[in-house]
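[1] sequence first, predicted coordinates after that:
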Amino acid sequence: EAQVTQNPRYLITVTGKKLTVTCSQNMNHEYMSWYRQDPGLGLRQIYYSMNVEVTDKGDVPEGYKVSRKEKRNFPLILESPSPNQTSLYFCASSLVGAYNEQFFGPGTRLTVL
Amino acid sequence: GQQLNQSPQSMFIQEGEDVSMNCTSSSIFNTWLWYKQDPGEGPVLLIALYKAGELTSNGRLTAQFGITRKDSFLNISASIPSDVGIYFCAGQLWTSGTYKYIFGTGTRLKVLA
C-alpha cells in the first residue's frame, strides 16, 4: 500500500531532550516536506527536500533540523525542544513538479513540557 | 512567515446548503490547491488549479483560480454530514528552481443534519 508513515504518533517529552520524528514513504517520491499545524495558524512548512542531500528551509525552520540521506526517509530532528514546539506535525511527499499531489502522513502529536 | 488569508474561519450549516470559502494572498502563485482534513488525519487533496481564471469541479466541489493569481474560492454544493472537517487552501510558490507550499489558516466546517 502506497503510504507515508510517521513515528512516533504521539510523544510527550521535556524541554531540552533531543528527539527525532521519523518519516518514510514507499512511493519513490523526490519531494518530501515537514509541516506543523497549530490552532488558528493552519499548516506551516518547516523544511522541504527536492531530492537526496537537498534540503531547504520553509517558513518556520527555527529550532528544527532535517536530513535526507535516502530517498524514502526524511527525519525531523529537534535538538533542544521547547514548549513552543508543542504541535501536530505532518510529513508529506510527492513527485517533483507543479502537477503532482502531496500525500500526507497521519501526523505526530508532540507535547514538550 | 507567509500565510494565506482564508475565510471564514468556521461555519455551521444545515445539510443540503451550499458552502463557499475563499483565500487571498499578497503573493502570486502558480498553483492553487484545496485540501480537506478529517479529524485525526492528514490533509487530502480535493482540487488543484493551475491556470489563472481556471474553474474546476470535482463532484459537488467547484474551485476557481483567481485571474490575478492571488486568490481562489471553493464552493461545496448540497452539503452532507461527511463534509465536516477543516478545509485548507494552499499555494505553491516557486523560487530559484525549488518550490514551497503556503497554507491558509483553514475553514472549519460543521454540517447539521
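    Arrived safely. All of these numbers come straight from a predicted model, not from anything done at the bench.
[2] for the longest strand seen in chain B, buried residues please.
    Counting residues, the longest strand found in chain B (DSSP state E) is strand B:85-95. Buried residues in strand B:85-95, counted by 16 or more other CB atoms under 10 Å in any protein chain shown: B:85-93. Yep, even glycine has a C-beta here, placed from its N, CA and C like the rest.
[3] okay, those in TSV with distance to chain A next?
    Conversion of these to TSV gives the following (distance: CB to the nearest CB, whole Å):
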residue	distance to chain A
B:85	13
B:86	9
B:87	10
B:88	6
B:89	9
B:90	8
B:91	11
B:92	6
B:93	10
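[4] columns pLDDT on top of those residues, output as CSV?
    Formatted as CSV, the buried residues of strand B:85-95 follow (pLDDT from 0 to 100):
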residue, pLDDT
B:85, 96
B:86, 96
B:87, 97
B:88, 96
B:89, 96
B:90, 94
B:91, 92
B:92, 90
B:93, 86
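[5] which is the next helix or strand following the longest strand of chain B?
    Reading on from strand B:85-95 to the C-terminus, the next helix or strand found by DSSP states H and E is strand B:98-103.
[6] now do that next one against strand B:85-95, angle only.
    Put simply, strand B:98-103 runs at 150 degrees to strand B:85-95, going by axes from the mean of the first three to the mean of the last three CA atoms, to 10 degrees.
[7] same for the helix or strand just after strand B:98-103, what does it pack against?
    Past strand B:98-103, further along toward the C-terminus, the next helix or strand under DSSP H and E is strand B:107-112. Strand B:107-112 sits against strand B:10-14, strand B:85-95, with contacts defined as 3 or more CB pairs under 8 Å, 6 or more residues apart in numbering or on different chains; DSSP states H and E.
[8] okay, buried residues for the first one please.
    Same thing as strand B:10-14. Judged by neighbour count (16+ other CB under 10 Å), strand B:10-14 contains these buried residues: B:11, B:13.
[9] any residue of it up close to chain A?
    No: taking CB under 8 Å from any CB of the partner chain as the criterion, strand B:10-14 and chain A are apart, separated by no less than 10.5 Å.
[10] now stretch B:71-78
    No: under the criterion of CB under 8 Å from any CB, chain A is not reached by stretch B:71-78; the shortest gap measures 14.6 Å.
[11] and that stretch, how far from the chain's centre?
    From the chain centre to the centre of stretch B:71-78 is a distance of 7 Å (CA atoms, centre = their mean, to the nearest Å).
[12] thinking again about what came up before, what would the helices and strands packed on strand B:107-112 look like in CSV with distance to residue A:46?
    Converted to CSV, these look like this (distance: least, CB to CB, whole Å):
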stretch, distance to residue A:46
strand B:10-14, 25
strand B:85-95, 15
